[in-house]
Structures are given as structure tokens and as C-alpha cells.
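Engineer: Sequence isn't available, so here's the structure alone:
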């Protein structure tokens, strides 16, 4: 037997029978309909009943008689057309289509929504999560690795978190945490937390006990765990505590380092409001509620599917990390400044005589001004050009060269951004100016500005970006700027 979705009129419903007529040109759509087939019947706005086909008659018009099996629920089209796995059904897109054959997966989805119709509106509200999950699906295998290592970590913390074990925990058992948490991979961080016992063991034990078994709401316990100085864990920062929270309570919380927190703030508008209202512990509590209430787990299971036997929140954490790396960081390059700031973007071409490695290590952008002196004394580009001509006693001074000197001094602002181009088709760095124009005290040394490198790598440009000048303001070249920002946001 097949399953169909059919659109008719609400006044067709009489008792337990629906009679619906279709025009003859729709015959090709119903040629495979059989008596006994299942039909999700709807009017123009809602699926209002589940029926089975009682009879099919074709005389001048096509008449379908349906027997209503269930009609005590309702599924709105406006929400169904946003539901992953159903949103692309032609019946939601074109009013001319009255009946459509469903595949097994589409039938399963409609059945599940029919059983719990209250989920539909909520899942439709967070439709934007679907595309992110779909993108993650194709790379999930790369992001969800080291299952054996993860199993080992979960087993360690499962034993560690038992109340009877915490009551007698010694310093060696405490130090073992440092071998488990990724946050302590850097030796310096591990040594600060575990190199030497800094407080009595009673305080270490109390911190874990109060989080896992303490009185008060979980929101209060989280706030205390992250902020209360009397119960703090010396050497533990927000990232290591955010990892601890997941491993101690893997069936209730995601991993909460800065990366996951930012990913959640990228995905959810409400998170930005919560961030302003709550301290870190309470914010994590409400972020987790937001994840659960947005049906993220249901959507993940439907679109991505389980990839491990570990806690589902481990897989959700990996998804959030993917969003951070591929969405938040990428788009943050387009929002390096608050709205209203007049930040500028520049392209600086490295001279062939300069060693790129040495250049990047110095974190300076330089310009040789020759005998011109401090460029700040010149008020216009023309003044720089005229003075250059006088000093060189020639009329063949390139105006572009003196123009770049003036821009480097007067037009670049502290906080502006700069792309470093090695040659026509290659970017090697992206940075931010951290100083004003600086004139050297050493004779004949170039004037300079300090730069902080935000990204260093090798990005090949698709096509040529031909600029004759060594320095150029590309802020207004919107398509070029967008292309370059997206380019350097990609993984190297």
C-alpha cells in the first residue's frame, strides 16, 4: 500500500467520510492510487485527518472517497513547509498540485509529527538550524573522531564522580584529571593547575561535591562552580571547567568552552539576550535549556544521525565546534568593528626585496620616505609630491608613490585592517594596525606602523588583483573585500 498527501476543502468532511473531486488532467497523478491506500488529508492550510481510500471513480471527473481514520489533530502547512525532510514537497510549493505520493521517510516524518503535533511549531521556529546541520552531515566523520579515547575519558569521570570516591579523593587522583581534559594539553596550563597542591584537599572535594550533589538549583550550583572563590579550583579557567562540566554530567550538558559558547550565540538570537543578563554559570544553564528547547537534538538525529554510542551531547558539542570554526569565525571577519565605526581595509604588497618570514616576525609595516622627513608635516598629497620633486630635482616623481606615503601617514587609522600580498595571486597575512604613524629616530630608517597578525597562511587568489600601487584602500571595493575575507576565513 502507498501513502499520499492530498489537498481538498474543509467542507468536504462529513461524518467519517470525505468525498473529493479532481479534474481529469490530474489523472496522471492518481494513476497509482489504490483502494486501502493511506492519505494525509488537508485543506489549504492544515492536514486535518488521516484517511484510507474507499473508492475511486472516473466519470467526467475523478472522485475519491476517503474514510477518516483519525481526525483529532492538526498540522499547519506554514510549519510543515519549514520542516526538514518535508519542506521540498511540491504540494507545499504549488497550489495546482492536489495529491502527491510520499516516500517512506516522508510518511515516517508525518506520522511522528501527527503523534506529537506540539513539536511542529517549535521545530519550524528553529528552521535555520537545519542548514547548519545539513552542512555538518557531510563532514561529521571528520569532526567526530577518537571514539576510544572519548570512551576512556567518560569512564574515568564516571568513576571519579561517584560520591564515595569524591569523599576520599587524594592529590594523585586530582592530578589525573590533567591527563584527561584537552584544555590542559599545554604543559604550562597543566603545571599551573596540577604541578603543586595549592589548597587543602577538602576544598577540591567540596567543589566537585557541591556541583554534583549540592543543594539548590542546578543554575545556582553552576554559578557557584564557575565563580565562587571559596570553592574555586586553582589553575582551572572557564574552558577547563566547561570541559569538566560535560565529562562529569555527559547526559545533561554539552562541552562549554569559549568556542561552543560563541557558536551558540551565533545560532540563537536569545543567547545574546541571555549573555547580557547572566554570569557565566547561569548563562551555561540557560544555553543548555535553549539547545533542548530548540529541538536541536531531534533535528540532529533526523538530519545527521547518530555517529557514536557516546553521549549525544558529545556529538552536539562537535557540531557546535564546527559552527564556530566554519561560521562564527568566518563571518566575524565581516564584523571586526561595531556598527557606525569607519574601519577601513587596506592591501599592502610586499616588496620583492623583503623576506616574508622576517617581515611577519617583526609585526611592522614600513614605508621609506627618503629625504621627505616626517610625513605628518605635509597637509595634502600634492604637498608631498611637490616636495619630492624639489628634493629629487625631477618632474618624473610618480604621483602614486607619494600618494601612498600620504595615505600611510594620514589616512590609515589605528584599528584598520590590512591584507599582505606577496605577489599578484597570493595573500600571506591579514592583520590589524595597532599604532598610529611612527617616525623613526634612526636616520634613513623607514617610518612604520605596528601590526597585529590575525591570520598568517597562504591563500591563492582566483584570478588577478592588479593594483599598481604598493598600498591601496580597498574598503569600497565591496565584492573584492568580501571575496578576500571569505578566502582567508577558510581552513588552511
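Structural biologist: The structure has been received and is ready for your questions. Source: prediction; values computed, not measured.

Engineer: what about the strands in the chain?
Structural biologist: All strands of the chain, identified by DSSP state E, fall at 3-7, 13-14, 17-22, 38-42, 46-59, 61-70, 75-76, 99-102, 345-349, 364-367, 417-423, 426-433, 447-460, 471-473.

Engineer: got a list of what residue 192 touches?
Structural biologist: Applying Cβ atoms under 8 Å, 6 or more residues apart in numbering to residue 192 gives the contacts 234-235. All C-beta atoms are positioned from the backbone trio N, CA, C, and that covers glycine.

Engineer: State the distance from it to residue 225.
Structural biologist: According to Cβ to Cβ, to the nearest Å, residue 192 and residue 225 sit 19 Å apart.

Engineer: do residue 184 as well
Structural biologist: 18 Å.

Engineer: neighbour count winner among the two?
Structural biologist: Neighbour tally, residue 184 and residue 225, criterion other Cβ atoms under 10 Å: the higher count belongs to residue 225, 26 against 22.

Engineer: Surely the more buried one touches residue 280?
Structural biologist: No - counting by Cβ atoms under 8 Å, residue 225 does not reach residue 280; the two are 9.7 Å apart.

Engineer: coming back round to it: the strands of the chain into TSV, with extra columns for distance to residue 390, mean neighbour count and mean pLDDT?
Structural biologist: As requested, the strands of the chain are exported to TSV (distance: least, Cβ to Cβ, whole Å; neighbours: other Cβ atoms under 10 Å; pLDDT from 0 to 100):
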stretch	distance to residue 390	mean neighbour count	mean pLDDT
strand 3-7	83	22	93
strand 13-14	94	14	54
strand 17-22	90	17	85
strand 38-42	84	24	95
strand 46-59	83	17	92
strand 61-70	93	17	90
strand 75-76	78	17	93
strand 99-102	81	18	91
strand 345-349	27	20	91
strand 364-367	20	18	87
strand 417-423	31	20	89
strand 426-433	30	20	92
strand 447-460	20	16	89
strand 471-473	23	19	88
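
Engineer: can I get the ones you listed in TSV with distance to residue 31?
Structural biologist: Below are these laid out as TSV (distance: least, Cβ to Cβ, whole Å):
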stretch	distance to residue 31
strand 3-7	12
strand 13-14	26
strand 17-22	12
strand 38-42	15
strand 46-59	10
strand 61-70	10
strand 75-76	27
strand 99-102	10
strand 345-349	60
strand 364-367	72
strand 417-423	61
strand 426-433	59
strand 447-460	55
strand 471-473	65
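
Engineer: closest one to residue 242 among those strands?
Structural biologist: strand 447-460 (24.3 Å; Cβ to Cβ).

Engineer: From the contact counts, what lies against the closest one?
Structural biologist: If contacts are counted by 3 or more Cβ pairs under 8 Å, 6 or more residues apart in numbering; DSSP states H and E, strand 447-460 sits against strand 364-367, strand 426-433, helix 478-489.

Engineer: So for residue 404, which of the ones you listed sits nearest?
Structural biologist: strand 364-367 (7.2 Å).

Engineer: And that closest one, what does it pack against?
Structural biologist: With contacts taken as 3+ Cβ pairs under 8 Å, 6+ apart, strand 364-367 sits against strand 447-460.

Engineer: For the strand it packs on, which outside residues touch it?
Structural biologist: With contact meaning Cβ under 8 Å, 6+ apart, strand 447-460 is reached by 360, 363-367, 369, 374-375, 408-409, 412, 417-418, 425-440, 487-488, 490, 492.

Engineer: at 7 Å instead, please
Structural biologist: For strand 447-460, contacts defined as Cβ atoms under 7 Å, 6 or more residues apart in numbering pick out 360, 363-367, 369, 375, 412, 418, 425-435, 437-440, 487-488, 492.

Engineer: Surely residue 213 touches residue 163?
Structural biologist: Yes - at 5.8 Å, residue 213 counts as touching residue 163 under the criterion of Cβ atoms under 7 Å.

Engineer: Can you give me every residue that contacts the nearest residue to residue 238 once chain neighbours are set aside?
Structural biologist: Nearest residue to residue 238, sequence neighbours excluded (Cβ to Cβ, 6 or more residues apart in numbering): residue 280, at 6.0 Å. Each residue near residue 280 by Cβ under 7 Å, 6+ apart is listed here: 226-227, 238.

Engineer: Tell me the spacing between residue 221 and residue 255.
Structural biologist: Distance from residue 221 to residue 255, by Cβ to Cβ: 18 Å.

Engineer: Revised request: answer the last question for residue 88.
Structural biologist: Separation of residue 88 from residue 255 (Cβ to Cβ): 33 Å.

Engineer: more crowded one of those two?
Structural biologist: Neighbour totals were compared for residue 88 and residue 255, and residue 255 leads with 23 against 10 (other Cβ under 10 Å).

Engineer: Contact partners for the more buried one?
Structural biologist: Residue 255 makes contacts with 242-243, 246, 317, as judged by Cβ under 7 Å, 6+ apart.

Engineer: what's the answer for residue 308, then?
Structural biologist: Shown in contact with residue 308 (Cβ under 7 Å, 6+ apart): 144, 147, 314-315.

Engineer: swap in residue 359?
Structural biologist: residue 350.

Engineer: For this protein, give me the ranges with low pLDDT.
Structural biologist: Residue ranges of the chain with pLDDT under 70: 10-14, 25-28, 188, 229-231, 329-341, 392-401, 462-468, 478-479, 486, 489-492.

Engineer: Can you give the domain ranges for it?
Structural biologist: Domain assignment for the chain, taken from automatic domain parsing, gives 3-117, 143-335, 345-489.

Engineer: measure the first one end to end?
Structural biologist: In this case it means domain 3-117. End-to-end distance for domain 3-117: 19 Å, by Cα to Cα, to the nearest Å.

Engineer: is it true that residue 253 touches residue 288?
Structural biologist: Yes - using Cβ under 7 Å, residue 253 makes contact with residue 288 at a distance of 5.6 Å.

Engineer: which of these two has more neighbours?
Structural biologist: residue 253 (24 against 20).

Engineer: contacting residues for the residue nearest to residue 219 when sequence neighbours are not counted?
Structural biologist: Nearest residue to residue 219, sequence neighbours excluded (Cβ to Cβ, 6+ apart): residue 285, at 4.3 Å. With contact taken as Cβ under 7 Å, 6+ apart, residue 285 is in contact with 218-219, 222.
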